[in-house]
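S.K.: Give me coordinates for this.
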Amino acid sequence: MPRRSRDSRQLRVSWRARNDPAPNASATTTPPIDEGGCLTKAEVPNDPTISRQSVPGTARERRRHRLGAPDPAAGRGPGTDGSAAGDFHRPSLRRPQHFFNRRAAIGLGGHSMTEKKTRSREGWTRVRFGDVVTNVNDQPKRASLPLATRYVAGEHVDENRLRIDRWGTLGDELVPPTFRRRFGPSDVLFHSRNLKKIAVPDFGGITGEKLFVLRSTSPHLLQDFLPYVLLSPAFTTYAESSWSGSVNKFLNWTPLAKYEFDLPPVEEQRSVLVLLNHFADLESELDRLAKSAADLRDSLRSTIAGSTKGRRKLNELASFVTSGSRGWSQYYADDGHVFLRIANLNGPTLALNTADLQRVRAPDDAESSRTQVQRNDVLLGITGEAGVGLVGIVRDHEQPTYVSQHVAMIRLNEAVCCPEFIAHSLAGPLGQQQIERFNQPGAKAGMTLIAVRDLEVPDLPLSEQQKCARRLSAVEQSMLVIRSRTRMAAMQKQQALNGGLAKI
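M.R.: Take a look at the predicted model:
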């Protein structure tokens with residue numbers, strides 16, 4: 001290692017004070033030294049042989065003096081090993097123990113940091129994940145299991161949802177051969193490639209190699225508390241820095257087992273669980289209500305479609321059918337007018353999804369006028385495998401708003417039909433069956449505007465259409481309220497997680 005620089009600022013005690021005898025004295029006065037080898041500042045004013053300017057002021061200056069900072073004038077410095085002042089002493093390059101003590105005091109020293117955290121949280125214990133949790137690797141012979149045995153794959157686990165509502169069975173035609181690992185009720189299934197996929201099944205079964213089967217092995221970690229450790233912000237930060245793989249990233253058991261966290265006492269775990277379980281129950285109830293409302297709406301749509309055998313084509317009811325212009329990506333901007341795309345039609349109701357709005361600075365020409373939407377226009381996705389058949393309706397919107405080339409805009413004659421009723425008819429079983437038939441399969445799946453005009457809807461009197469539309473709109477309004485409550489509950493749950501688990 002290179003020798004330390006002999007900076008003139010390292011001079012802390014004047015050469016004269018260390019070598020010349022004091023006035024009216026026969027020997028050199030020894031400067032007062034504290035236990036760490038530093039000059040005692042309190043003694044300096046009473047010692048005429050030492051200049052005030054020679055006293056180290058900062059921690060770095062005192063340390064340099066303690067290590068034997070050389071005198072730039074004489075090339076020598078005081079010895080730290082008891083040698084006489086003026087004897088040549090080469091300063092040690094090893095850091096003294098007080099340096100490491102200081103690092104520990106400010107939280108930079110490994111185990112000392114752990115001890116500091118433990119001291120600041122009464123009853124909390126610093127643990128490694130692998131010391132309190134095991135990755136269950138029980139692999140029974142598949143042939144010995146009944147065909148009714150359930151299996152859980154990654155697609156059966158929803159993000160940010162601990163419950164499992166879907167599964168397969170060994171009696172299915174295609175069961176992955178790698179599905180051999182057995183799990184039991186209350187085991188935690190954690191996806192190694194998606195940190196948001198964590199589930200706690202209430203049944204036993206088998207799973208594959210991409211899902212960890214985690215089980216608490218310590219009486220100090222409740223099994224019910226384990227999934228929330230994985231949901232804590234600290235674990236997410238740690239896991240995101242521990243990925244393996246460059247393209248398809250995944251988390252191995254080794255780094256997962258090395259994760260360290262502060263484990264609260266069992267009673268405190270139970271207190272946190274009471275609150276978090278309340279939110280879990282609330283989410284389950286809201287999910288049940290949302291599903292019931294969606295089933296009711298679909299039932300009403302089917303009833304309307306079957307209430308009459310009369311049909312009318314959109315071409316007879318619409319005054320204008322078109323789609324957006326090509327090449328409008330050149331007009332994309334951070335601000336400007338709304339540009340509706342397929343992504344804005346993927347909501348659970350006919351209301352437009354405004355979570356991801358694209359803005360454009362539209363040109364002032366005939367194409368802009370042609371593709372500008374109006375209130376009560378029905379929008380239909382006409383391209384893309386996932387976009388064909390999506391339906392929405394323009395209600396309250398900014399002016400002007402435009403549609404993309406992937407969206408058909410259907411402007412109806414409101415004197416003879418109800419746009420809300422037509423939109424529900426297209427989104428219901430009657431409309432979707434026709435759309436599937438007209439859809440052109442292949443790499444460029446989609447419908448032509450001619451096919452859109454040929455779509456048929458139930459032929460009902462205008463008053464009946466409006467009555468049906470009001471009933472369906474009331475159900476969808478309930479769905480939107482439930483959706484809003486679900487988002488609010490999710491936010492409150494996340495706040496509870498951040499608050500209750502921030503220390504972990």
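S.K.: Okay, residue 135 and residue 184: tell me how far apart.
M.R.: Remark: distance between residue 135 and residue 184 (Cβ to Cβ, to the nearest Å) = 14 Å. Backbone N, C-alpha and C define where each C-beta goes, glycine included.
S.K.: ditto for residue 247
M.R.: From residue 247 to residue 184 the distance is 34 Å (Cβ to Cβ).
S.K.: Of the two, which one has the most company?
M.R.: Comparing residue 247 with residue 184 by other Cβ atoms under 10 Å, the one with more neighbours is residue 184, at 13 against 4.
S.K.: Isn't that one up against residue 202?
M.R.: No: using Cβ atoms under 8 Å, residue 184 is not in contact with residue 202, being 10.2 Å away.
S.K.: Tell me which helix or strand comes right after the helix or strand of the chain with the lowest mean pLDDT.
M.R.: Every helix and strand of the chain was ranked by mean pLDDT, DSSP states H and E. The lowest is helix 111-120, at a mean of 40. Next helix or strand after helix 111-120 toward the C-terminus (DSSP states H and E): strand 125-128.
S.K.: partners of that next one in the sheet?
M.R.: strand 260-263 (antiparallel) (DSSP bridges).
S.K.: And the helix or strand that the strand it pairs with is followed by, how far out from the chain middle?
M.R.: Remark: after strand 260-263, the chain's next helix or strand is helix 266-306, criterion DSSP H and E. Distance of helix 266-306 from its chain centroid, counting by Cα atoms, centre = their mean, to the nearest Å, is 22 Å.
S.K.: model confidence over helix 266-306, on average?
M.R.: In this model, helix 266-306 has a mean pLDDT of 90.
S.K.: Only alpha carbons, please: show the helix or strand where residue 409 lies as CSV.
M.R.: Using DSSP H and E, residue 409 falls within strand 407-412. Extracted C-alpha coordinates of strand 407-412, given in CSV (Å, rounded to 0.1, in the frame of the first residue of the first chain):
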residue,chain,number,x,y,z
VAL,A,407,-61.2,1.3,-32.9
ALA,A,408,-64.5,1.5,-34.9
MET,A,409,-66.7,4.5,-34.0
ILE,A,410,-70.4,3.8,-34.4
ARG,A,411,-72.7,6.9,-34.4
LEU,A,412,-76.3,5.9,-34.0
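S.K.: Return the set of buried residues in it.
M.R.: 407-412 (16 or more other Cβ atoms under 10 Å).
S.K.: likewise stretch 480-494?
M.R.: 482-483, 485-486, 489-490, 493.
S.K.: still on that earlier bit, will you turn the buried residues of strand 407-412 into a markdown table that also has distance to residue 458?
M.R.: Formatted as a markdown table, the buried residues of strand 407-412 follow (distance: Cβ to Cβ, whole Å):
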| residue | distance to residue 458 |
| --- | --- |
| 407 | 24 |
| 408 | 20 |
| 409 | 22 |
| 410 | 16 |
| 411 | 20 |
| 412 | 14 |
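S.K.: give the contact list for the residue nearest the centre of the chain.
M.R.: Centroid-nearest residue in the chain: residue 196, 7.2 Å away (criterion: Cα atoms, centre = their mean). Residue 196 makes contact with 159-160, according to Cβ atoms under 8 Å, 6 or more residues apart in numbering.
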